[in-house]
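[1] need a 3D model of the sequence below.
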Amino acid sequence: MLAAPLLMTLGVFLFGLIICGAKIWRTSDELSDFKTGMPPPETRAENYLKELKLHDGESQSIKIPGVSPRR
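    Model prediction:
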């Protein structure tokens with residue numbers, strides 16, 4: 001009687017954990033690609049770099065206020 005809701009809750013939790021893990025893996029992989037400056041084609045990192053190249057330095061700093069350049 002109590003096993004069905006427990007198993008359902010466990011299933012939903014594991015499903016969410018797998019989805020979250022996949023998103024973390026993807027973001028980590030794309031950040032690594034972004035850090036190299038040469039991301040693979042058709043990734044969010046490449047699209048972001050292309051978008052940054054369309055703007056001057058001032059608008060880039062406005063667009064990404066929390067990111068400071070490495071020196």
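
[2] send over stretch 33-53 as CSV, restricted to the C-alpha atoms.
    Taking Å, rounded to 0.1, in the frame of the first residue of the first chain, the C-alpha atoms of stretch 33-53 are listed here in CSV:
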residue,chain,number,x,y,z
ASP,A,33,35.0,24.6,-25.1
PHE,A,34,34.3,28.3,-24.5
LYS,A,35,37.5,28.6,-22.4
THR,A,36,39.6,27.3,-25.3
GLY,A,37,38.1,29.8,-27.7
MET,A,38,37.6,27.2,-30.3
PRO,A,39,34.3,25.5,-29.6
PRO,A,40,32.8,22.9,-31.9
PRO,A,41,30.4,24.1,-34.6
GLU,A,42,26.7,24.6,-33.7
THR,A,43,27.1,24.7,-30.0
ARG,A,44,25.8,27.4,-27.6
ALA,A,45,29.4,28.4,-26.9
GLU,A,46,30.2,29.0,-30.6
ASN,A,47,27.0,30.9,-31.1
TYR,A,48,27.8,33.1,-28.1
LEU,A,49,31.4,33.8,-29.4
LYS,A,50,29.9,34.7,-32.8
GLU,A,51,27.5,37.1,-31.1
LEU,A,52,30.3,38.7,-29.1
LYS,A,53,32.3,39.3,-32.3
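
[3] and that stretch, what's buried?
    33-34, 39, 45-46 (16 or more other C-beta atoms under 10 Å). For glycine as for every other residue, the C-beta is placed from the backbone atoms N, C-alpha and C.

[4] could you dump those residues to TSV with secondary structure and pLDDT?
    Formatted as TSV, those follow (DSSP: H, G, I helix; E, B strand; the rest coil; pLDDT from 0 to 100):
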residue	secondary structure	pLDDT
33	helix	77
34	helix	75
39	coil	78
45	helix	76
46	helix	79
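
[5] let me know the closest of these to residue 54.
    Of all those, residue 54 sits closest to residue 46, with 13.3 Å by C-beta to C-beta.

[6] shouldn't the closest one be in contact with residue 40?
    Yes. Between residue 46 and residue 40 a contact is recorded at 6.8 Å, counting by C-beta atoms under 8 Å.
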